[in-house]
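A.B. asks: What follows is a predicted protein model with its sequence.
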Amino acid sequence: MARWLMLFLLLAPSARALDLGALQRLLDTEQPVRGHFQQSKTLAFLSKPMVSEGAYLMAPGLGLIWDQATPWPQEMILSQGKLTMDGETVEMQAGPFAPVIAALMQGQLETLREHFTLAGEGSLESWRLHLVPRAEPMIQLFSAIEIRGEQQRVLGLTLTDTAAQPTEIRFSDIHFGELKEDERARF
């Protein structure tokens with residue numbers, strides 16, 4: 001019986017270390033990426049997670065457009081260190097967070113290394129990155145972050161705050177392509 005168990009363990013897929021350099025080369029793109037998101041936030045005082053859905057556009061060098069459709073419409077644009085919600089500039093220090101948000105959604109490992117300790121597993125076809133904050137202000141916000149992907153697509157994020165309350169974001173209908181004039185004008 002012990003031999004069969006050992007054989008099974010040797011042949012079973014394991015959590016392989018991921019070649020982060022190869023992953024970075026795969027993820028390096030200047031192409032804008034668009035898709036659909038579903039975000040689920042767990043809060044201790046709610047019996048069910050809060051769920052929102054919508055569309056996003058991440059344009060390298062320009063920023064992020066996050067168009068929430070449900071449970072209520074809301075437009076958030078993060079561009080050049082400035083956060084705009086429904087056309088109004090939000091007074092906050094988005095500067096240190098803007099590059100981290102872009103890096104999380106695009107898998108920019110060099111930027112993430114400035115703020116987190118990284119560990120990867122899987123293959124380039126299906127991978128996971130585990131991030132542990134190591135610098136302020138991220139250390140005050142998160143206890144851990146996980147990024148999941150397949151090939152050059154980021155499929156999801158799990159952001160666990162310091163109170164151990166996770167926010168799960170899943171991306172679907174992901175596609176790359178040039179910006180349209182009306183999209184560029186929104187930044």
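C.D. replies: Alright, I've got the coordinates. Owing to the predicted nature of the structure, the values given are computational and were not obtained by experimental measurement.

A.B. asks: give me the number of residues near Leu104?
C.D. replies: 20 (other CB atoms under 10 Å). Heads up, the C-betas are built off the backbone N, CA and C, glycines and all.

A.B. asks: With Gln151 instead?
C.D. replies: A count of nearby residues for Gln151, using other CB under 10 Å, gives 13.

A.B. asks: thought it was touching Ser123?
C.D. replies: No - using CB atoms under 8 Å, Gln151 makes no contact with Ser123, being 9.7 Å away.

A.B. asks: didn't Ile139 look like it was pressed against Pro133?
C.D. replies: Yes - between Ile139 and Pro133 there is a contact under CB under 8 Å: 4.3 Å.

A.B. asks: For the closest residue to Ser79 other than its chain neighbours, list the residues it contacts.
C.D. replies: Closest residue in space to Ser79, ignoring its immediate chain neighbours: Gly63 at 3.2 Å, by CB to CB, 6 or more residues apart in numbering. By CB atoms under 8 Å, 6 or more residues apart in numbering, Gly63 lies in contact with 77-80, 98, 102, 187.

A.B. asks: Quick check: Leu18 vs Leu26, distance?
C.D. replies: 11 Å (CB to CB, to the nearest Å).

A.B. asks: okay, the two: which has more neighbours?
C.D. replies: Leu18 (19 against 16).

A.B. asks: Mind listing residues that contact the helix or strand encompassing Leu23?
C.D. replies: Under the criterion of DSSP states H and E, Leu23 resides in helix 20-27. Identification of contacts with helix 20-27 by CB under 8 Å, 6+ apart yields 106-110, 118, 120, 124, 127, 129, 149, 151-152.

A.B. asks: Among those, find me the one that's closest to Leu179.
C.D. replies: Gln106 (15.1 Å; CB to CB).

A.B. asks: re earlier: find residues that contact each of Leu18 and Leu26.
C.D. replies: In contact with both Leu18 and Leu26: Leu124, using CB under 8 Å, 6+ apart.

A.B. asks: Do me a favour and get the backbone dihedrals for Arg134.
C.D. replies: Note on Arg134: backbone dihedrals following degrees, to the nearest 10 are phi -130, psi 0.

A.B. asks: any idea of the pLDDT on it?
C.D. replies: Per-residue confidence at Arg134 stands at 91 (pLDDT).

A.B. asks: How many residues are close by it?
C.D. replies: 13.

A.B. asks: measure the closest residue to it other than its chain neighbours to Arg153 for me?
C.D. replies: Closest residue to Arg134 apart from its sequence neighbours, by CB to CB, 6+ apart: Thr117 at 5.2 Å. Going from Thr117 to Arg153 by CB to CB gives 24 Å.
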